[in-house]
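Trainee: Below is the sequence, then the predicted model.
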Amino acid sequence: MTKSSSQQRAGHSSQSARPAIGFNRWLLLSLILVVVAVAAVFGLRAYHLNTYTIPSASMLPGLQIGDRIEIDPEAYQDDVPDRGDVVVFDGAGSFTPYESETTAKRVRDAALGLVGITPQQNAVVKRIIGIEGDTVECCDEAGRLVVNGDAVEEPYLAEPARPASSSPFKVAVPQNRVFLLGDNRYDSIDSRSLFGAPGGGMIQMDKIYGPVKAIR
């Protein structure tokens, strides 16, 4: 009789332990799902913060309307912007918005905001032509830009047979700023359009989000 009671108690103990094992498995699965969800949100956030859509023809032929470009936001942490870099930067207060404010864009931004993603506003893409200390001038007899007295070859221009700018200019790039132009010089709002504005069309280096590293 005692033996039978012992066996019953043992059996009861074994059965009562099973829910605990099931609970632990459920808890582990929940933790895995949470980790995956957090990783997905951060991955999506990083993707949207570092990618942009080309809406205009100002950087033709290299960047076409509708292209998705990706930047490297860490490129200038240990380095500095250089001539020839194509960069995305904050154009607030100077350049026109990089993306138009459409209904679709507002809906997209609201949806992304629900997961903590706030797209960077007023982003503009241009090519750096002059860095701090440079003197940039247009143009020499062959229609080329001149930087620090040297003519610049620009194979990326949309219209290489025409002068590198439709209007002459000569500027000195101040400290901590860059001078930027679009590759499609005859259809681009860039530093040339802002000579009379604060900063003279020169963008502060800390407003640069990063250089373009890929076209998708």
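Mentor: That came in fine, so what should we check first? Numbers count the residues shown, from 1 in each chain.

Trainee: neighbours of residue 186, just the number please.
Mentor: 14 (other C-beta atoms under 10 Å). Glycine gets a C-beta too; all of them are placed from N, C-alpha and C.

Trainee: where's it relative to residue 78, distance?
Mentor: Between residue 186 and residue 78 the distance is 37 Å, computed by C-beta to C-beta, to the nearest Å.

Trainee: which sections of this structure are below the confidence cut-off?
Mentor: Low-confidence segments of the chain (pLDDT under 70): 1-23, 30-49, 96-121.

Trainee: where exactly do the helices run in it?
Mentor: For the chain, the helices defined by DSSP state H occupy 2-49, 103-113.

Trainee: Strands of the protein, start to end?
Mentor: Assigned by DSSP state E, the chain shows strands spanning 51-53, 68-71, 86-90, 123-130, 135-138, 145-147, 150-151, 169-172, 177-181, 202-204, 208-215.

Trainee: Turn those strands into a markdown table, columns for distance to residue 196 and mean neighbour count.
Mentor: Formatted as a markdown table, the strands of the chain follow (distance: least, C-beta to C-beta, whole Å; neighbours: other C-beta atoms under 10 Å):
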| stretch | distance to residue 196 | mean neighbour count |
| --- | --- | --- |
| strand 51-53 | 28 | 17 |
| strand 68-71 | 29 | 18 |
| strand 86-90 | 20 | 23 |
| strand 123-130 | 18 | 24 |
| strand 135-138 | 17 | 20 |
| strand 145-147 | 21 | 19 |
| strand 150-151 | 27 | 13 |
| strand 169-172 | 12 | 14 |
| strand 177-181 | 15 | 26 |
| strand 202-204 | 13 | 21 |
| strand 208-215 | 23 | 17 |
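
Trainee: Redo these as a markdown table? Include distance to residue 25.
Mentor: Formatted as a markdown table, these follow (distance: least, C-beta to C-beta, whole Å):
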| stretch | distance to residue 25 |
| --- | --- |
| strand 51-53 | 39 |
| strand 68-71 | 40 |
| strand 86-90 | 46 |
| strand 123-130 | 46 |
| strand 135-138 | 66 |
| strand 145-147 | 66 |
| strand 150-151 | 70 |
| strand 169-172 | 68 |
| strand 177-181 | 57 |
| strand 202-204 | 55 |
| strand 208-215 | 42 |
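
Trainee: nearest to residue 62, of those strands?
Mentor: Closest approach to residue 62 among these (C-beta to C-beta): strand 86-90, 7.3 Å.

Trainee: Return the angle between stretch directions for that closest one and strand 177-181.
Mentor: Angle between the axes of strand 86-90 and strand 177-181 is 120 degrees (criterion: axes from the mean of the first three to the mean of the last three C-alpha atoms, to 10 degrees).

Trainee: Just to check, residue 165 is in contact with residue 137?
Mentor: No. The pair residue 165 / residue 137 is not scored as a contact, 9.7 Å apart, by C-beta atoms under 8 Å.

Trainee: if I look at these two, which residues touch both of them?
Mentor: residue 145 (C-beta atoms under 8 Å, 6 or more residues apart in numbering).
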